[in-house]
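1. sequence and predicted structure, then a few things I'm wondering about:
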Amino acid sequence: MTPLGLAWSNIAHKRTRTAVAAAGVAFAVALIFMEIGMFGGVRRTATMLYDALRFDLIVTSSEYTDVSRPGEFSRARLARAESVDGVADVLPLSVGVGTWRKPARQGLFGRIAPGGLGSINLLGVPPGRAADVFAVDRGRVFPSRDEGRTAGEKLARLGAFLYDVRSKPEFGSLDDLLRIPEGGEPGADPNHPEVRNAIRLNGKRAEVVGGFELGTGFSWNGMLMCNEETFADYTMQRSGRVTFGLVTLRPGADIRAVQRELRTVLPGDVRVLTRDEVNEQERRYWMELTSVGQFLSVAVALAIVVGVIFVYQMMAADIRGMLPEYATVKALGYRPPYLSGVVLWQAVLLAVLGYVPGLVASFGMYYVASTVGGIPTAMTAERAVVVLLMTCAMCFASGLLAVRKVHSADPADLF
């Protein structure tokens, strides 16, 4: 019998022990999938805003750290940038944070009364240019350019906002927000009629006039969009200041040459970055400079270590219980490499048996993380193959640790 055949016979012989070992492997696999999915989610959400914007080059403040701490600079820098040869258009974009008074909303156990505060992010766009700010042609933010243009027209009035439909449920649903009149309505709690259901941002009345779709991430849980005048009024932004300058080049323009020219003509209080450069900086910040990326990296390593220890314990116990059988095999003339092959094949088979339920469980975990947590986790073929290889390596390592116990079987002990 081949080592693979004997390994399969061992697994099939003690089905209960095999099921327990496979369950342990499945747990480790699901944990690895979840941590890697979160790791990938951090990378995706780090650049989510930039992926939705339309630009070839982006002008940022020299104090820029990440999208949640971008700094600001003078709007006059954009006018100077627009005069550079090869530049077709430069649009301002402002990013800020406001305090959102949570409206009445539907919870798991019924209607929740209005009240409570939460931080919500704001995007300030030029009047009538919302469709030009975002990559609508790639299906981002608005379904089409016409719908983006229509949505932008709704922002002409001071105090009007568009609401990200993928914001966390605690901020309310778009349908509920659209039904709230500008002056508010009676609250959901009859015992406190003085508490009205109204939309308030930074202590001021606001009105939601439509929606858009961007998504949440580690930097924000909800998003609003408004025109620049409204943004300045609600955030007290200093006059003539902006957060980003979105530079679009003329067809055929050399992006590196234009970047060098912009860096030459603009003062040192701004930086000019390509899309790849700003995305890489954002990913580096989240993956290397914050505790989020470091924690997830350690969590993946810890899941692998836990899996190795668990599988080793199960295999060591199985070998101890079958030492007489292994001693008999040695007495029949089979050499140590044969016995090592049996143990290692048994480890690989356990890896496969545990991988399948772990993979199935990860689909459900990814769904919960995406829908409830707002973290864009998705299964990919590349990730599935990588985790399969990691699982096999994990169990193979456990088998290597357990091999020495097989070699301790002595045929003399049978007599």
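-> Received it, and whenever you're ready, just let me know what you need. Numbering: from 1, shown residues only.
2. from here on, contacts and neighbour counts on C-alpha atoms
-> Will do.
3. contacts only, for Met225.
-> Residues in contact with Met225 (CA atoms under 8 Å, 6 or more residues apart in numbering) are 122-125, 161-164.
4. which of these lies closest to Arg15?
-> Set against Arg15, the nearest of those by CA to CA is Asp164 (51.3 Å).
5. and that closest one, how many residues sit next to it?
-> When neighbours are counted by other CA atoms under 10 Å, Asp164 registers 23.
6. now Met38
-> Met38 has 21 nearby residues by other CA under 10 Å.
7. same check, this time on Ala135
-> Using other CA under 10 Å, Ala135 has 20 other residues around it.
8. for it, give me its contacts.
-> 51-54, 141.
9. repeat that for 6 Å
-> Ala135 sits next to 52-54 when contact means CA atoms under 6 Å, 6 or more residues apart in numbering.
10. what's the closest of those to Ala361?
-> Among the contacts of Ala135, and counting by CA to CA, the member closest to Ala361 is Ala52, at 31.2 Å.
11. against Glu228, how distant is that closest one?
-> As judged by CA to CA, to the nearest Å, Ala52 and Glu228 stand 19 Å apart.
12. got it, and Ile36?
-> 39 Å.
13. what about the two, which has more around it?
-> For Ile36 versus Glu228, neighbours defined as other CA under 10 Å are more numerous around Glu228 (22 against 19).
14. roughly how far does that one sit from Val329?
-> On the measure of CA to CA, Glu228 and Val329 end up 81 Å apart.
15. ok, now Arg284?
-> Applying CA to CA, the value for Arg284 to Val329 is 55 Å.
16. state the distance from Arg218 to Ala327.
-> One thing to correct before we go on: residue 218 is Phe, not Arg. For Phe218, the distance to Ala327 - CA to CA - is 57 Å.
17. helices along this structure, start to end?
-> Secondary structure of the chain by DSSP state H: the helices cover 3-13, 15-46, 48-52, 76-82, 130-133, 145-154, 174-179, 228-235, 255-265, 275-284, 291-321, 323-331, 336-371, 381-407.
18. return the most buried member of those.
-> Among the helices of the chain, the stretch with the highest mean neighbour count (mean count of other CA atoms under 10 Å) is helix 130-133, at a mean of 24.
19. got the CA positions of that helix in PDB?
-> Extracted in PDB, the C-alpha atoms of helix 130-133 (Å, rounded to 0.1, in the frame of the first residue of the first chain):
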ATOM      1  CA  ALA A 130     -20.400  67.200  -9.700                       C
ATOM      2  CA  ALA A 131     -20.500  65.000 -12.800                       C
ATOM      3  CA  ASP A 132     -17.000  66.300 -13.700                       C
ATOM      4  CA  VAL A 133     -15.400  65.700 -10.300                       C
END
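20. okay, Asn197: pLDDT?
-> For Asn197, the pLDDT comes out at 66.
21. likewise for Leu350?
-> 88.
22. and for the one 4 residues further on?
-> Per-residue confidence (pLDDT) for Gly354: 90.
23. list the residues that contact it.
-> Applying CA under 6 Å, 6+ apart, we find Gly354 in contact with 22, 25-26.
24. pLDDT and distance to Glu277 added to these, as TSV?
-> Converted to TSV, those look like this (pLDDT from 0 to 100; distance: CA to CA, whole Å):
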residue	pLDDT	distance to Glu277
Ala22	86	44
Val25	87	40
Ala26	89	39
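25. quick one on the thing from earlier: and of the helices of the chain, who's closest to Arg69?
-> Across the helices of the chain, closest to Arg69 is helix 275-284 (CA to CA), at 11.1 Å.
26. hmm, who's touching the closest one?
-> Outside helix 275-284, the residues that reach it (CA under 6 Å, 6+ apart) are 43, 46-47, 66.
27. most widely separated two among those residues?
-> Going by CA to CA, the pair spanning those furthest: Arg43 and Asp66, at 13.1 Å.
28. distance check, Leu214 against Ile255.
-> Applying CA to CA, the value for Leu214 to Ile255 is 27 Å.
29. and for Glu170?
-> Distance from Glu170 to Ile255, by CA to CA: 42 Å.
30. how about Asp146?
-> Separation of Asp146 from Ile255 (CA to CA): 29 Å.
31. same check on Gly148?
-> Where Ile255 is concerned, Gly148 sits at a distance of 27 Å (CA to CA).
32. give me the number of residues near the closest residue to Glu228 other than its chain neighbours?
-> Using CA to CA, 6 or more residues apart in numbering and skipping the chain neighbours, the partner closest in space to Glu228 is Gly124 (4.8 Å). For Gly124, the number of neighbouring residues by other CA under 10 Å comes to 23.
33. again, but for the one 4 residues further on
-> Counted with other CA under 10 Å, residues neighbouring Gly128 total 18.
34. what's near enough to touch it?
-> By CA under 6 Å, 6+ apart, the neighbours of Gly128 are 152-153.
35. so where's the chain shaky on pLDDT?
-> Within the chain, the stretches with pLDDT under 70 are 105-114, 182-197, 373-374, 407-415.
36. re earlier: what's the closest of the contacts of Gly354 to Ala393?
-> Distance to Ala393, by CA to CA, is smallest for Val25 among the contacts of Gly354, at 11.9 Å.
37. show me the contacts for the closest one.
-> Going by CA under 6 Å, 6+ apart, Val25 touches Gly354.
38. how much space separates it from Leu323?
-> For Val25 relative to Leu323 (CA to CA), the value is 24 Å.
39. what does Ala331 give?
-> 12 Å.
40. same question for Ala81.
-> With CA to CA as the criterion, Ala81 and Leu323 are 78 Å apart.
41. likewise for Val387?
-> Counting by CA to CA, the gap from Val387 to Leu323 is 32 Å.
42. next, count neighbours for Pro211.
-> Slight slip there: residue 211 is Gly, not Pro. So Gly211, with other CA under 10 Å, has 20 neighbours.
43. and Thr290, by the same measure?
-> Thr290, neighbours per other CA under 10 Å, totals 11.
44. right, I'll call it a day here.
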